[in-house]
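In: what would the 3D arrangement of this be:
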Amino acid sequence: MDPELKAYFDERFTRIDDRFEETSRQFAGVRKELSELREETSGQIAGVRKELSELREDTAAQFSSLREELAELREGTAAQLSELREENRHTGVLLEAMRSDLRLVAEGGMGVTERMEANQQENRVSLQEVKDALAPFYVNLDGRMKVLDQQLQSFTVRMQAMDGRMKVLESRADRQTRDVLEAIREKFGKPHA
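Out: This is a model prediction of the structure:
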């Protein structure tokens with residue numbers, strides 16, 4: 001083989017090897033970034049889970065307190081109704097007073113319902129705030145993945161172009177080598193192999 005051609009191929013293959021090594025380093029860097037991003041996201045998700053757990057515990061405690069209040073309210077209402085029945089037999093005037101007391105109890109029940117609805121609304125708002133806080137991290141992650149996909153596609157296109165060039169060079173080298181050997185054989189009269 002021609003020494004210049006051999007030197008050219010050696011230099012060319014060395015460049016290709018260097019490019020492969022550079023690409024491997026870039027992939028390692030990307031993998032490291034992805035790993036760090038996963039760790040960061042996992043930490044943030046763990047924090048959100050902890051906050052949600054605390055929120056659940058607070059909500060459960062509030063519901064428990066409300067249930068106790070409702071139980072006490074029921075017991076109080078039952079006692080008042082019992083008294084109303086007894087007093088109803090005695091006098092019709094006290095019946096009107098008891099109706100007023102029942103209205104107060106109903107308003108208390110409505111107040112409890114309103115508090116429960118307010119707590120539910122606060123919980124919805126808090127959950128939406130958590131979702132809104134997490135959204136930028138996922139959007140940013142998606143953007144990074146798109147950039148990496150584009151870089152990978154660009155790299156693939158370049159590799160395909162290099163493969164095509166290598167095939168052309170190999171074909172040209174085969175033709176040139178064969179033609180030179182044919183010319184030598186014809187000049188010196190050596191038989192074909």
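In: only C-alpha atoms from now on, for both contacts and neighbour counts.
Out: Noted.
In: helices along the protein, start to end?
Out: Per DSSP state H, the chain carries helices over the ranges 3-90, 93-188.
In: ok, residue 129 - contacts?
Out: Residues counted as contacts of residue 129 (Cα atoms under 8 Å, 6 or more residues apart in numbering): none.
In: thinking again about what came up before, just send the helices of the chain back as a markdown table, with mean pLDDT too.
Out: A markdown table is the format used below for these (pLDDT from 0 to 100):
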| stretch | mean pLDDT |
| --- | --- |
| helix 3-90 | 89 |
| helix 93-188 | 80 |
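In: number of nearby residues for residue 154?
Out: Using other Cα atoms under 10 Å, residue 154 has 12 other residues around it.
In: and residue 41, by the same measure?
Out: Around residue 41 there are 16 residues (other Cα under 10 Å).
In: how close does it sit to residue 53?
Out: Applying Cα to Cα, to the nearest Å, the value for residue 41 to residue 53 is 18 Å.
In: tell me the contacts of residue 53?
Out: Counting by Cα under 8 Å, 6+ apart, residue 53 has no contacts.
In: now it: how far from residue 171?
Out: Distance from residue 53 to residue 171, by Cα to Cα: 68 Å.
In: ok, now residue 158?
Out: To residue 171, residue 158 is 20 Å away according to Cα to Cα.
In: same check on residue 74?
Out: According to Cα to Cα, residue 74 and residue 171 sit 96 Å apart.
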